[in-house]
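Q: Turn this into a model:
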Amino acid sequence: MPHSSPQIYHVANPFVSAIPNIRLMLLVGGSDVVVDLKKVNENGVNIIVGTPGRIADIMERSSLELKLLEVFFMYFLIYILKNLK
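A: Numbering: from 1, shown residues only. Below is the predicted model of the structure:
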């Protein structure tokens with residue numbers, strides 16, 4: 001059974017928070033997308049854990065620079081590819 005994004009975030013957070021200058025962010029539906037966008041744009045983020053729908057929404061609404069990524073891993077990547085315009 002696949003793990004949910006919040007579960008992955010809560011397991012990873014203690015490890016990531018021990019590394020200086022690395023920011024982890026959870027992006028899932030049910031939270032205010034405008035608030036999420038503001039956090040991404042103002043604070044920056046190094047690691048995103050999120051649902052495919054919310055990540056696709058953020059990608060469409062913002063200038064999230066995916067070309068700067070060094071590693072990209074996602075469950076259900078086909079969902080995002082099918083739903084991007």
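Q: Point out where the protein drops to low pLDDT.
A: Scanning the chain for pLDDT under 70 picks out 1-3, 63, 65-81, 83-85.
Q: which residue ranges form the helices in it?
A: Secondary structure of the chain by DSSP state H: the helices cover 5-16, 33-43, 52-61, 77-83.
Q: Just put the ones you listed in CSV and tack on mean neighbour count and distance to Leu27.
A: (C-beta placed from N, C-alpha, C; glycine too.) What follows is the helices of the chain, written out as CSV (neighbours: other C-beta atoms under 10 Å; distance: least, C-beta to C-beta, whole Å):
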stretch, mean neighbour count, distance to Leu27
helix 5-16, 14, 8
helix 33-43, 13, 6
helix 52-61, 17, 5
helix 77-83, 12, 12
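Q: out of these, nearest to Leu24?
A: helix 5-16 (4.4 Å; C-beta to C-beta).
Q: Distance check, Leu37 against Gly44.
A: Using C-beta to C-beta, to the nearest Å, one gets 13 Å for the distance from Leu37 to Gly44.
Q: Also Val33?
A: Val33 is 18 Å from Gly44, by C-beta to C-beta.
Q: Specify the beta-bridge partners of the residue nearest the centre of the chain.
A: Central residue of the chain (C-alpha atoms, centre = their mean): Ile48, 3.1 Å from the mean position. Residues in a beta bridge with Ile48, per DSSP bridges, are Met25.
Q: what's around the residue nearest to Leu27 when sequence neighbours are not counted, how many residues?
A: Among residues not flanking Leu27 along the chain, Gly50 sits closest, at 3.2 Å (C-beta to C-beta, 6 or more residues apart in numbering). Residues lying near Gly50 (other C-beta atoms under 10 Å) number 21.
Q: quick one: Gly50 and Leu24 touch, right?
A: No - if you go by C-beta atoms under 8 Å, Gly50 and Leu24 don't touch, sitting 10.8 Å apart.
Q: contacting residues around stretch 29-37?
A: Met25, Leu27, Thr51, Gly53, Arg54, Asp57, Ile58, Arg61, Ser62 (C-beta atoms under 8 Å, 6 or more residues apart in numbering).
Q: Good, we can wrap up now.
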